[in-house]
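Participant: sequence first, then the predicted structure:
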Amino acid sequence: MTMTKPVTVKTLLSIIPAEVLTDKADAEIKGCYIADLLSDVLARAEPGVLWVTIQTHRNVVSVAAMKDVPVVLITCGRRPDPQIIMEAQEEGIVLLATPLSTYEAAGKLWEAGLR
């Protein structure tokens, strides 16, 4: 689902307590997609959305790049390895990590109007 007005990472960080893991943090998002199954993201996520997941492996960056997903929010206090963070930076993808569960993050995003 998408919003009518894009949201910046700065605005997102006022909604969700998260750490920016990559150097780049100026992307805009126009919606949200929550899934841990990579094939589901490949099949259904729209370009420009925030992807919320617990996954932290290399394929997250590959899928985000293929689908033009500018920001990935990793939940449940998980953090990718430094090599994965570097790969995301090279692809221009913003990685965020939050201690919130996926359920809590989804609720906050919904309340803020991000669909």
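Facilitator: That came through fine. All values derive from a computational prediction rather than experimental measurement.
Participant: so who does residue 13 touch?
Facilitator: Counting by CB atoms under 8 Å, 6 or more residues apart in numbering, residue 13 touches 20, 96. For the C-beta atoms, the positions are set from N, CA and C on the backbone; glycine is no exception.
Participant: next, it: secondary structure please.
Facilitator: Using DSSP: H, G, I helix; E, B strand; the rest coil, the structure places residue 13 in helix.
Participant: gap between it and residue 94?
Facilitator: Between residue 13 and residue 94 the distance is 10 Å, computed by CB to CB, to the nearest Å.
Participant: common neighbours of those two, please.
Facilitator: residue 20.
Participant: strands along the chain, start to end?
Facilitator: Counting by DSSP state E, the chain has strands at residues 2-8, 19-20, 28-34, 50-53, 71-74, 94-97.
Participant: just the CA coordinates of the third one, formatted as CSV?
Facilitator: Looking back up the chat, that one is strand 28-34. C-alpha atoms of strand 28-34 as CSV (Å, rounded to 0.1, in the frame of the first residue of the first chain):
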residue,chain,number,x,y,z
GLU,A,28,12.0,8.9,0.7
ILE,A,29,9.4,6.2,1.0
LYS,A,30,5.8,6.2,-0.3
GLY,A,31,4.4,3.2,1.4
CYS,A,32,5.2,0.1,3.5
TYR,A,33,5.6,-3.6,2.9
ILE,A,34,6.1,-6.1,5.7
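Participant: got the contact list for the nearest residue to residue 59 once chain neighbours are set aside?
Facilitator: Closest residue to residue 59 apart from its sequence neighbours, by CB to CB, 6 or more residues apart in numbering: residue 38 at 5.7 Å. The contact partners of residue 38, by CB under 8 Å, 6+ apart, come to 55, 59, 60, 63.
Participant: can you select the buried ones from these in ChimeraX?
Facilitator: To isolate the buried members of the contacts of residue 38 in ChimeraX, using 16 or more other CB atoms under 10 Å:
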select :55,60,63
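Participant: coming back round to it: switch the strands of the chain over to CSV; also include distance to residue 103 and mean neighbour count.
Facilitator: Converted to CSV, the strands of the chain look like this (distance: least, CB to CB, whole Å; neighbours: other CB atoms under 10 Å):
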stretch, distance to residue 103, mean neighbour count
strand 2-8, 20, 13
strand 19-20, 19, 14
strand 28-34, 9, 20
strand 50-53, 10, 24
strand 71-74, 13, 25
strand 94-97, 16, 23
